[in-house]
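Asker: Fold the following and give me the result.
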Amino acid sequence: MTEKTALISGITGQDGSYLAEFLLEKGYRVHGIVRRSSSFNRGRIDHLTSDKNIFHQQLFLHYGDLTDSSNLNRILERTHPDEIYNLAAQSHVQVSFEIPEYSAEVDAIGTLRFLDAIRETAIVSKFYQASTSELYGKVQEIPQNENTPFSPRSPYAIAKQYAYWIVKNYREAYNLFACNGILFNHESERRGESFVTRKISINVASIILGIKDTFLLGNLDSKRDWGYAPDFIEGMWLILQHDKPDDYVLATNENHTVREFIEESFKVLGEEIFWEGKGIYEKGRLKSTGKEVIAIDSRYFRPTEVDLLLGDYSKAKEKLGWEPKIKFKDLVRIMVEYDFERIKKNNFNSDPGGI
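Answerer: Numbers count the residues shown, from 1 in each chain. This is a model prediction of the structure:
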């Protein structure tokens, strides 16, 4: 079997690091695009680049940026990938309201630059675009599938909608093997600390360890379809192994509120909480002591909320044979136990940003 080559943008992120591991274990040569920075942000892939790792000679990193067309062209000509996974993005929804132009430049036009680079270099490659359930926004139907109308509610989601449609357009106009993976929320112990699930797992662990007293959150009643990131990585790969390019929803077919995620997180560590008050005055207290551990801060509400996301992955199951393995409670347990042991070992207090 001929060795395959893959190119991953966003390789230093949660999904990129898991995907690199997954592909290396399958015998791929993996090239990753990393942004130049004055400080290193490669913690998630350090173990892969170490000379102690059996795969380190199969992994190659290139400085690059989705805002630089000529750079993308050079990387493609240098690597000649069989498969391209475009995972790079300004991926934080709340932050996109603060930097909307940059979010559009990377998430929307960056995808166009990638597709145009494939076309201009005439390199035969399969292209995967990391799309998002945030496209559904103010949902038009429940659950959401590949035919559900989009109603994006943030600069991030609107940029991703452009990316979604330009992928479809280039597929049809230029016969590119280009696919969208509409992934619902997928979390892990590698999730960025500013995302709500990781913010919860870190702070709950810190409270139980006595390192922290309380933390702030926004909308507790937002419902999300939460899965485990490594499950979704396999789905990305399967999308590009199919004989025809197409778009797929990857989800778990169940959803839970932020409130449920909090409650389950405390249960993992042998504690329960109860709620009192309403709206922005609501508090979460430990059942054992009555101590306040959670408060609401209106700064962490989005200007336009997305209240409910629930995905239907029937098409992916039928066409690709894909379905998630890790259930909600196991996902919460994995994240909370990881942060508990990490913080206990390092006596480290991390205070991530908002929801």
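Asker: which residues does the residue nearest to residue 337 when sequence neighbours are not counted contact?
Answerer: Nearest non-adjacent residue to residue 337, counting by Cβ to Cβ, 6 or more residues apart in numbering: residue 268, 6.5 Å away. Yep, even glycine has a C-beta here, placed from its N, CA and C like the rest. Shown in contact with residue 268 (Cβ atoms under 8 Å, 6 or more residues apart in numbering): 204, 332-333, 336-337.
Asker: distance of the residue nearest to residue 280 when sequence neighbours are not counted from residue 303?
Answerer: The shortest distance from residue 280 to any residue other than its chain neighbours is 4.7 Å, reached at residue 296 (Cβ to Cβ, 6+ apart). With distances taken as Cβ to Cβ, to the nearest Å, residue 296 is found 17 Å from residue 303.
Asker: and if you look at residue 273?
Answerer: Distance from residue 273 to residue 303, by Cβ to Cβ: 28 Å.
Asker: So the two - more neighbours on which side?
Answerer: residue 273 (22 against 9; other Cβ atoms under 10 Å).
Asker: Identify the residue nearest that one in space, chain neighbours excluded?
Answerer: residue 284 (4.8 Å).
Asker: Surely the one you found is in a strand?
Answerer: Yes - read with DSSP: H, G, I helix; E, B strand; the rest coil, residue 284 is one of the residues of a strand.
Asker: So it is in contact with residue 293, correct?
Answerer: Yes - contact status for residue 284 versus residue 293: in contact at 5.7 Å, counting by Cβ atoms under 8 Å.
Asker: Identify the contacts common to the two.
Answerer: residue 273.
Asker: Quickly note the distance from residue 178 to residue 47.
Answerer: 31 Å.
Asker: Which of those two has more residues huddled nearby?
Answerer: More crowded of residue 178 and residue 47, by other Cβ under 10 Å: residue 178, with 28 against 13.
Asker: who's in contact with the residue of the chain most remote from its centre?
Answerer: Using Cα atoms, centre = their mean, the residue of the chain lying farthest from its centre is residue 289. It sits 35.8 Å away. Residue 289 makes no contacts at all, as judged by Cβ under 8 Å, 6+ apart.
Asker: Now the phi/psi pair for it, please.
Answerer: phi -130, psi -20 (degrees, to the nearest 10).
Asker: Over to the one 3 residues further on?
Answerer: Note on residue 292: its backbone torsions stand at phi -70, psi 130 [degrees, to the nearest 10].
Asker: likewise residue 293?
Answerer: phi -120, psi -20.
Asker: again, but for residue 112
Answerer: phi -60, psi -40.
Asker: Surely it and residue 167 touch.
Answerer: No - the pair residue 112 / residue 167 is not scored as a contact, 9.3 Å apart, by Cβ under 8 Å.
Asker: what about those two, which has more around it?
Answerer: Using other Cβ under 10 Å, the more surrounded residue of residue 112 and residue 167 is residue 167, with 25 against 17.
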